[in-house]
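Student: need the 3D shape of this:
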Amino acid sequence: MKKLVLLFAVIIAFASCKKEETDTTAPKINSVRVNGVSADEHDLNAGTAIEIAVDVSDNEALNQVKLDIHAADDGHTHDDSSTGEMEAPNIGAWSELRTENLSGKSTTRTFNLTVPATIAGHWHIEVKLIDKEGNEATEYITTLHIENENLPVFNVTSTPATVNYEIEVPINGTITLNGNVTDPDGLVEVHWELENETTGAVVMEGELPGVTGTSFDLGSIAIGPIAAGEYHLHIHAEDSQGYVGEWAVHVHAE
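Tutor: Numbers count the residues shown, from 1 in each chain. The predicted structure follows:
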């Protein structure tokens with residue numbers, strides 16, 4: 001009888017240990033296809049439809065997939081490095097955050113979006129995946145290059161010179177901008193602003209008079225004196241169809 005009781009105890013203990021085992025295997029993002037193509041970078045036109053197909057799997061049970069589209073012009077990366085190469089500042093804003101609950105061991109989820117018609121620049125598609133035990137897959141990142149032929153085009157030089165989308169000036173210094181902006185649909189407005197990056201306040205601004213035609217000379221725009229700080233300097237140009245182009249740089253005054 002004692003041997004039988006001992007045998008039951010061993011069986012119960014073994015069963016308890018089996019139940020306490022947890023799944024530690026991470027799920028997998030097998031592929032992410034943008035309009036049918038899997039690549040590190042994709043070239044797209046503003047205003048077009050985009051289909052993102054995400055194929056995922058897990059050894060036990062899937063839980064959730066998250067799709068995040070965000071600006072990539074600041075040069076940030078998603079690995080161990082702090083920043084990548086700065087890109088030309090994006091024109092317009094675009095962000096998407098989609099989350100879907102999953103079940104089973106494998107599935108393909110499709111996200112249908114439309115690229116805004118008013119943007120241009122660089123964006124990241126970031127895909128994250130977790131399973132029922134909370135294990136996370138290695139995230140997937142790809143870059144979207146958005147082209148937009150409808151926007152006004154700038155040809156601008158600055159004094160001091162712009163280096164890697166940044167102008168450095170001494171405290172109370174002045175920036176001078178020269179150049180032109182063109183648009184085949186005809187221009188209706190050109191406006192510039194110097195914005196404090198810490199507070200978001202516009203500290204200086206001006207609208208250029210006499211904007212008309214398909215090409216407009218900016219003349220010589222003098223901006224200053226500029227107090228110590230970090231700023232965002234940009235020029236906006238609007239065409240007759242309502243499209244707005246932007247030239248932008250970071251300004252560091254010390």
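Student: and whichever strand or helix holds His122, what other elements does it pack with?
Tutor: Taking DSSP states H and E as the criterion, His122 maps to strand 121-131. Counting contacts by 3 or more CB pairs under 8 Å, 6 or more residues apart in numbering; DSSP states H and E, strand 121-131 packs against strand 28-34, strand 49-57, strand 62-71, strand 140-147. All C-beta spots, glycine's among them, are computed from the backbone N, C-alpha and C.
Student: wait, which of these is closest to Pro116?
Tutor: Nearest of the helices and strands packed on strand 121-131 to Pro116, taken as CB to CB: strand 140-147 at 8.6 Å.
Student: and the angle for the closest one with strand 62-71?
Tutor: Here the directions of strand 140-147 and strand 62-71 differ by 30 degrees (axes from the mean of the first three to the mean of the last three CA atoms, to 10 degrees).
Student: do me a favour and average the pLDDT over the strand holding His122.
Tutor: In this model, strand 121-131 carries a mean pLDDT of 97.
Student: just stretch 171-189 next, same as before
Tutor: For stretch 171-189, the per-residue pLDDT averages 97.
Student: run a quick neighbour tally on Ile221.
Tutor: The burial count assigned to Ile221 is 17, neighbours taken as other CB atoms under 10 Å.
Student: got the contact list for it?
Tutor: Counting by CB atoms under 8 Å, 6 or more residues apart in numbering, Ile221 touches Thr176, Leu177, Asn178, Trp192, Gly206, Leu208.
Student: quick one: the strand holding His122 to chain centroid distance?
Tutor: Distance of strand 121-131 from the chain centroid (CA atoms, centre = their mean, to the nearest Å) equals 10 Å.
Student: how about stretch 109-121?
Tutor: Once both centres are worked out by CA atoms, centre = their mean, stretch 109-121 turns out to sit 12 Å from its chain's centre.
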